[in-house]
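S.K.: Predicted model follows, preceded by the sequence.
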Amino acid sequence: EDHGVTTLAGIVTVTDVVSAIAHGDADGDVEVGDLAARDVNTTYVGAPLTVAERELYYANVPYAVALDEEGDMAGILTEVDIIEVARVVEGEDDTGESIANQDDDWMWEGIKAVGNRYLPTRNVEIPTESVETFMTSEVETVSKRKTARDAAQMMIQHDIEQIPLVSGGELVGIVRDVNLLEALVGHE
């Protein structure tokens, strides 16, 4: 008898959808030219990695296309590239006079501060060398006429989440794994 209790059967991720499109289990015939985002996050090959990391953070995307002095695509930098070279540094922060009053219900046992107290913190240090040092210079690209299935297969084969869209040798957009979700809705 059903009492309205919902049982979690699993979680569907973007990777699952990309895989379904790549293997023909979902509609992947739409051309990527119709799915690609035209707004592309970019950085300069000579920018310090610390600056590029902030560019990704503020743009709220996991990648930046690296441009050379002429403004041409020279590589791609991803969150993964940054995480691989980031270093976690243990440190100490002064929490001030008190963390919690002795009578606070939510106070954790053992964190009754007396006077100034220092707690260990975890900070991330990112190298300051240029983007060029850490980016992938052999960039996989896709043309407008390729299908969502083609792009999905490339993403799986190369273990990537975004592919620059190129037309006539020029960067014109970006196909991200999340863009491929659109292949399942609204495109006949």
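M.R.: On my side now, so go ahead.
S.K.: Going by C-alpha atoms from here, please, whenever you check contacts or count neighbours.
M.R.: Noted.
S.K.: what's Phe134 in contact with, if anything?
M.R.: 77, 81-82 (CA atoms under 8 Å, 6 or more residues apart in numbering).
S.K.: Quick check: of the residues you listed, which has the highest neighbour count?
M.R.: Each of the contacts of Phe134 was scored by neighbours using other CA atoms under 10 Å; the highest score is Leu77's, at 26 neighbours.
S.K.: Among the contacts of Phe134, which one lies nearest to Leu181?
M.R.: Within these, the smallest distance to Leu181 is 22.8 Å, found for Leu77 (CA to CA).
S.K.: what about the closest one, which helix or strand?
M.R.: Assigned by DSSP states H and E, Leu77 belongs to strand 73-78.
S.K.: circling back to that earlier point, kindly reformat the contacts of Phe134 as TSV containing distance to Val139.
M.R.: What follows is these, written out as TSV (distance: CA to CA, whole Å):
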residue	distance to Val139
Leu77	10
Asp81	14
Ile82	17
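S.K.: list the helices and strands the strand holding Leu77 packs on?
M.R.: If contacts are counted by 3 or more CA pairs under 8 Å, 6 or more residues apart in numbering; DSSP states H and E, strand 73-78 sits against strand 63-67, helix 131-134.
S.K.: closest to Arg145 out of these?
M.R.: Closest to Arg145 of those, according to CA to CA: strand 63-67, at 21.3 Å.
S.K.: Do me a favour and average the pLDDT over that closest one.
M.R.: Strand 63-67 carries an average pLDDT of 97.
S.K.: who's in contact with it?
M.R.: Contacts to strand 63-67, defined as CA under 8 Å, 6+ apart, come from residues 40-45, 52, 55-56, 73-79, 131-132, 135, 162.
S.K.: repeat that for 6 Å
M.R.: Residues outside strand 63-67 that contact it (CA atoms under 6 Å, 6 or more residues apart in numbering) are 41-45, 73-78.
S.K.: strand partners of it, parallel vs antiparallel please.
M.R.: When pairs are called by DSSP bridges, strand 63-67 turns out to pair with strand 42-44 (parallel), strand 73-78 (antiparallel).
S.K.: for those, which one sits closest to His23?
M.R.: That would be, of these and by CA to CA, strand 73-78, which comes in at 25.5 Å.
S.K.: Now the closest one: buried residues?
M.R.: 73-78 (16 or more other CA atoms under 10 Å).
S.K.: can you redo those residues as JSON lines with distance to Val142 and pLDDT?
M.R.: Compiled in JSON lines, these are given as follows (distance: CA to CA, whole Å; pLDDT from 0 to 100):
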{"residue": "Met73", "distance to Val142": "14", "pLDDT": "97"}
{"residue": "Ala74", "distance to Val142": "15", "pLDDT": "97"}
{"residue": "Gly75", "distance to Val142": "14", "pLDDT": "97"}
{"residue": "Ile76", "distance to Val142": "14", "pLDDT": "98"}
{"residue": "Leu77", "distance to Val142": "17", "pLDDT": "97"}
{"residue": "Thr78", "distance to Val142": "18", "pLDDT": "96"}
